[in-house]
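A.B. asks: Sharing a model prediction with you, sequence too.
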Amino acid sequence: MGAKADFTVTVSTKEVVAAVLPLQEYWLPLSNLDLLLPPVDVGVFFCYKKHEAWGDNVSFGSMVSVLKKAMAQALVSYYAFAGEVVPNTVGEPELVCNNRGVDFIEAYADVELQNLDLHNPDESIEGKLVPNKKQGVLSVQATELECGGLVVACTFDHRIADACSANMFLVSWAEMARSKSISVIPSFRRSLLNPRRPGCINPSLDQMYVPISSLPPPKDHHQTTDHLISRIYYITCEQLNDLQSLASSNGYKRTKLESFSAFLWKMVALFAAKDNFDITKMGIVVDGRTRLGEGDKNKASQMSCYFGNVLSIPFGGQRVNELIEKPLSWVANQVHDFLDQAVTKEHFLGLIDWVEAHRPERALAKIYSNGSDEGPAFVVSSGQHFPVSKVDFGWGCPVFGSYHFPWGGNAGYVMPMPSPAREGDWVVYMHLFKRQLEVIETEASHVFRPLTCDYLDSLAPLS
C-alpha cells in the first residue's frame, strides 16, 4: 500500500501529568532574548516500530505508563514545561512555575507506520499526530498505530524554549524512561543574559529587528493565490558533499549548512524571477550559547545547559539575477559574510541591550515579520543537533523524527536534521510557498527527494 493521508485519529484519554515532587510556585521572568519570540508553538514528533521480539510484553498501555512516569520525573528538573505563560503588569509575558502540568493525550490512528505520508506532514501530522496545545507550555500526544507502532509528539511554546532547550528535555525524558540519571541539568539562570549598564548597541541591529509599532502595513503579494505548505525531504550525504565542494573556492571551505543554504537560495531566486521580484532574502538562525560563553569557562559551562531562547536571525538580501547567474561559491560567500556579523559574543550582548532599550514594547526579527515584502524570504535553522537517536524510551530508537513548525510568519522556514536511516544524510523539513516547492522539485529533484518509509527502511547506501 502507498502513503495514506485520510486516516482517523481517535482520542481515548486526556489527562494532566505534573512533576512527581511538589514544587514551590514562583515567577520566572522571560529573558530579553525570549521576548523577541512571538507567541508561536513548535511541534516535534518521533515514530517507533513495533518489534516482533516484544511479543505481548510491550503494549501501548505499558509504553504510555512509562512515558507518563518518566515525564513526571523529568518535570522536576524541567519545571518550566509544567508552568503557564501569563502577562505581567506591563503586558510582557512571564512564566509562572506552578506545576499545572503537561496535557497528555492518548490516541489511536487507523494507519500503519509504513503507510504514513511523512513527506506531507500537513495531511499526516498536523492536527492529527502532533497535538494542538490549548493550555500550559507543553502538550504531549502518544498515538498507537494500526501496526502496533507508536508516534510520540510534543508541542511547546517557543517563547519558553528554543530547539536546543527542547532537545535537552527530550533526551532527559528518554533517560528517565530507561531509569538513567539525567545527563544534563537545565539552568534557568536569567542573569546570564542580563543587559549591560550602560548598553552598547550596534546600529546593524536596527536592520535585523524591529519594534512591532514600527512595522509597515502588510503589502499585497504577487502570490495572492499561493500559500505556505510543509513538506519533508531527504538529501544524501553524497549530494551534500557535492554541494559543499561547489560552494567552496579559493581555499575557503564552506560548511555544509552554508553550502545547502546557498543552493536553496538559488532555487528560491528561480521562483522569484518567475514573479518578477528583484530581491530575495534568506536568514539563518544562530545559537548564541557558545558565543556568550567565550572567554569565561564558568559561564561557558552554564550557557551549555541554559534553558530558554538564545537565538538571533541574521539575514541577507541579494538581487535575484545575481543569485541565479553567479556560481554557488559566490552565493555561499554572501551567506558566510552575513553570518559573520552574528557569530560573535558582542552581537548577542548587543542584541540583549537592544531589547532592553525597547522594552516593554514587543519586537520581532524583521525577516519573520515583514521579510517577504520586497520578495520571497525564508529562514534556515540548523537542526544538526536534533537528538533523534537518543530519544529511546526503552523500546528502541525512533525510525524517524522531525520538527514540525508552520511558524505563522510570511517568510518560509527550513530545518535540516540528521537522518536516522543513514549516517551523513539529512532530513529536511521545509515550510515554503507551494509554488516555491514546485520549482525546487522541478529544478532540484536530484537533491531534494521526498521522504518515504521505503527510504527509512533502506539502511543500505543509496545509489
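C.D. replies: That came through, no problem.
A.B. asks: By mean pLDDT, which helix or strand of the protein comes out lowest?
C.D. replies: Using mean pLDDT, DSSP states H and E, helix 366-370 stands out as the lowest-scoring helix or strand of the chain, at a mean of 80.
A.B. asks: what ranges do the helices span in this protein?
C.D. replies: In the chain, the helices defined using DSSP state H lie at 60-77, 121-124, 163-177, 205-208, 237-247, 256-274, 289-292, 297-304, 320-325, 328-340, 345-358, 366-370, 434-443, 453-457.
A.B. asks: quick one, which of those is nearest to residue 225?
C.D. replies: Evaluated over these, closeness to residue 225 peaks at helix 434-443, with 9.0 Å, by Cβ to Cβ. Heads up, the C-betas are built off the backbone N, CA and C, glycines and all.
A.B. asks: now for the closest one, which elements pack on it?
C.D. replies: In terms of contacts (3 or more Cβ pairs under 8 Å, 6 or more residues apart in numbering; DSSP states H and E), helix 434-443 is packed against strand 228-235, helix 256-274, strand 426-433.
A.B. asks: Mind checking the pLDDT average for the second one?
C.D. replies: By that I understand helix 256-274. Helix 256-274 shows a mean pLDDT of 96.
A.B. asks: Dump the helices and strands packed on helix 434-443 into CSV; add mean neighbour count as well.
C.D. replies: Converted to CSV, those look like this (neighbours: other Cβ atoms under 10 Å):
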stretch, mean neighbour count
strand 228-235, 23
helix 256-274, 23
strand 426-433, 24
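A.B. asks: In CSV: the ones you listed, plus distance to residue 349.
C.D. replies: Converted to CSV, the helices and strands packed on helix 434-443 look like this (distance: least, Cβ to Cβ, whole Å):
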stretch, distance to residue 349
strand 228-235, 34
helix 256-274, 24
strand 426-433, 31
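A.B. asks: any idea how far the least confident helix or strand of the chain is from the chain center?
C.D. replies: Relative to the centre of its chain, helix 366-370 is centred 17 Å away, using Cα atoms, centre = their mean, to the nearest Å.
A.B. asks: Using CSV, write down the CA coordinates of that helix.
C.D. replies: Below are the C-alpha coordinates for helix 366-370, written out as CSV (Å, rounded to 0.1, in the frame of the first residue of the first chain):
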residue,chain,number,x,y,z
LYS,A,366,12.5,41.7,10.6
ILE,A,367,12.7,38.7,8.3
TYR,A,368,9.9,36.9,10.3
SER,A,369,7.5,39.9,10.4
ASN,A,370,7.9,41.6,7.0
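A.B. asks: got the contact list for that helix?
C.D. replies: For helix 366-370, contacts defined as Cβ atoms under 8 Å, 6 or more residues apart in numbering pick out 38, 207-210, 212, 215-216, 218, 281, 283, 313, 315, 377, 379, 407, 409-411.
A.B. asks: Selecting buried members of these in PyMOL, what would you type?
C.D. replies: Per 16 or more other Cβ atoms under 10 Å, the buried members of the contacts of helix 366-370 correspond to this PyMOL selection:
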select buried, resi 208+209+210+281+283+313+315+377+379+407+409+410+411
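A.B. asks: From the contacts of helix 366-370, which land in strands?
C.D. replies: In strands, defined here by DSSP state E, the members of the contacts of helix 366-370 are 209, 210, 281, 283, 315, 377, 379.
A.B. asks: wait, which of those residues is closest to residue 172?
C.D. replies: Set against residue 172, the nearest of the ones in strands among the contacts of helix 366-370 by Cβ to Cβ is residue 379 (27.6 Å).
A.B. asks: Disregarding flanking residues, what is the spatial nearest neighbour of the closest one?
C.D. replies: Spatial nearest neighbour of residue 379, chain neighbours left out: residue 283 (4.3 Å); criterion: Cβ to Cβ, 6 or more residues apart in numbering.
A.B. asks: and the one you found, what does it touch?
C.D. replies: Contacts for residue 283 (Cβ under 8 Å, 6+ apart) come out as 313, 314, 315, 316, 365, 367, 371, 377, 378, 379, 380, 411.
A.B. asks: rerun at 10 Å
C.D. replies: By Cβ atoms under 10 Å, 6 or more residues apart in numbering, the contact list for residue 283 reads 208, 261, 312-317, 338-339, 342, 365-368, 371, 377-381, 411, 413.
A.B. asks: Quick check: bridge partners of it?
C.D. replies: residue 315, residue 379 (DSSP bridges).
A.B. asks: Please report how far it lies from residue 314.
C.D. replies: Per Cβ to Cβ, to the nearest Å, residue 283 is found 6 Å from residue 314.
A.B. asks: tell me, what's touching these two both at once?
C.D. replies: With contacts taken as Cβ under 10 Å, 6+ apart, residue 283 and residue 314 have 208, 338, 339, 342, 365, 367 as neighbours in common.
A.B. asks: and the two most separated of these?
C.D. replies: Spatially, the most separated pair among the shared contacts of residue 283 and residue 314 is 339 and 365, at 14.7 Å (Cβ to Cβ).
A.B. asks: Please say which of these two ends up with more neighbours.
C.D. replies: Legend: neighbour count by other Cβ atoms under 10 Å for residue 339 and residue 365, higher for residue 365 (24 against 19).
A.B. asks: these two touch, right, the more buried one and residue 314?
C.D. replies: Yes: using Cβ atoms under 10 Å, residue 365 is in contact with residue 314, at 9.3 Å.
A.B. asks: intersection of neighbour lists for these two?
C.D. replies: Common contact partners of residue 365 and residue 314 (Cβ under 10 Å, 6+ apart): 208, 283, 285.
A.B. asks: of these, closest to residue 3?
C.D. replies: When those are ranked by distance to residue 3 (Cβ to Cβ), residue 285 comes first, at 30.0 Å.
A.B. asks: Would you quantify the distance from the residue lying closest to that closest one once chain neighbours are set aside to residue 287?
C.D. replies: Of all residues not flanking residue 285 in the chain, residue 381 sits nearest, at 3.9 Å (Cβ to Cβ, 6+ apart). Going from residue 381 to residue 287 by Cβ to Cβ gives 9 Å.
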